[in-house]
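[1] Fold the following and give me the result.
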Amino acid sequence: MGEPFSIPRDMNHADPRYLEAKRSLDSRARSRRIREKLLAALPEKPTIVEIGCGTGTILPQLVEWGVDRGRYRGVDTAEHLIAFAQDARTAEFRHEGIPVTEQEQGFTVGELSVTFEQADGLEVLETTPDVDLVIGQAFGDLVGVSKLVTGLESALAPGGLAYLPITFDGGTIFQPDHPADRAVEQAYHEFIDAEPGRDSQAGRHLAEAFRRRKGDLLGMAGSDWILRPHGGTYPVDEGYVLRTILDFIESALSERTGSDRTDWLATRRGQLAARELTYVAHQYDLLYQLPGS
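    Below is the predicted model of the structure:
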């Protein structure tokens, strides 16, 4: 059984506001082509496990896409995210006028049974067979590619699907240009890669790993985040996402010295405050299917 993965405390991806704020970015970035392939291949009442579900933001998308029958189980190691997901998603469905029935564990929306549970995603994959769909959004770069692929194939039923949208793939771009951009990007990616199991090029490495397995990579498409100001402001709460990304990078640079990096951070924060900073993260959506029985 694998060890739970960990993220440095000062590079915290488990901030509910950050996870909710990036929702609009995720929605814009996800590939429609990959989504259509996914929906075409899903059974009528799928059994779904989402690993690293965070605040459960993909659940309303599934229902909007017509996946409103079967069973959804969202798991995350962070207990406070599970509690947040349960409350926030129930409230959201009701606000949208979609009937929700609370159960002893979780709730139902339409004919979809929903539970959120504190658990390690890789451990759940190892102990949960016959899953029709595993979702791992923005998850592939947080765990080892090999462990993730092995876990997916252990959990999936014959013909089962792994949907891995918003998988980071080693592109961190800011505009306007700054002389230290290349050095900062390199330091940031090296910081990610130094963490056990993490991979700043997880998207391409997952694609290559799937190519070597017995299943079929049904689709792969770019799903870059493009975060830029519009009319002197950032959409929704996306300025908070950018602030958090700069905090992540500050953590990566904390053990490095140099006036150019200090100036880079100060310049980027000033541009963020002035609503002048644009950020692009290179990512992929991947859809993998096991052979049928």
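[2] Just say helix, strand or coil for V124.
    Here V124 is recorded as helix under DSSP: H, G, I helix; E, B strand; the rest coil.
[3] Contacts only, for it.
    Counting by C-beta atoms under 8 Å, 6 or more residues apart in numbering, V124 touches V49, I51, V75, A155. Placement of C-beta: from N, CA and C, glycine included.
[4] Out of the residues you listed, the closest to V63 would be?
    Distance to V63 across these (C-beta to C-beta) is lowest for V49, with 16.5 Å.
[5] That closest one belongs to a strand, doesn't it?
    Yes - under three-state DSSP, V49 falls within a strand.
[6] ok, which pair from the contacts of V124 is furthest apart?
    Across the contacts of V124, no pair lies farther apart than V75 and A155, at 11.4 Å, counting by C-beta to C-beta.
[7] Give the residues shared as contacts by those two.
    Here V75 and A155 have V49, V124 as joint contacts, going by C-beta under 8 Å, 6+ apart.
[8] Neighbour count for those two, which is higher?
    Applying other C-beta atoms under 10 Å to V75 and A155 shows that A155 carries more neighbours, namely 25 against 22.
[9] what's around the spatially closest residue to that one that is not a sequence neighbour, how many residues?
    Leaving aside its chain neighbours, A155 sits nearest to L125 (4.2 Å; criterion: C-beta to C-beta, 6 or more residues apart in numbering). Using other C-beta under 10 Å, L125 is surrounded by 26 other residues.
[10] show me the contacts for L125.
    L125 neighbours (C-beta under 8 Å, 6+ apart): V49, I51, V134, G151, L152, S154, A155.
[11] run the last query once more with 10 Å
    L125 makes contacts with 2, 49, 51, 75, 131, 134, 136, 147-148, 150-156, 162, as judged by C-beta atoms under 10 Å, 6 or more residues apart in numbering.
[12] Model confidence for it, exactly?
    As predicted, L125 sits at a pLDDT of 97.
[13] Please renumber the chain so that the first residue is 849 from this point on.
    From this message on, residue numbering opens at 849, which makes the last subject L973.
[14] where do the strands sit along the stretch 899-1048 of the chain?
    For the stretch 899-1048 of the chain, the strands defined by DSSP state E, counting those that start in this stretch cover 917-924, 948-950, 955-957, 959-966, 979-983, 1004-1023.
[15] distance of E1086 from D980?
    As judged by C-beta to C-beta, to the nearest Å, E1086 and D980 stand 33 Å apart.
[16] I am finished for the moment; much appreciated.
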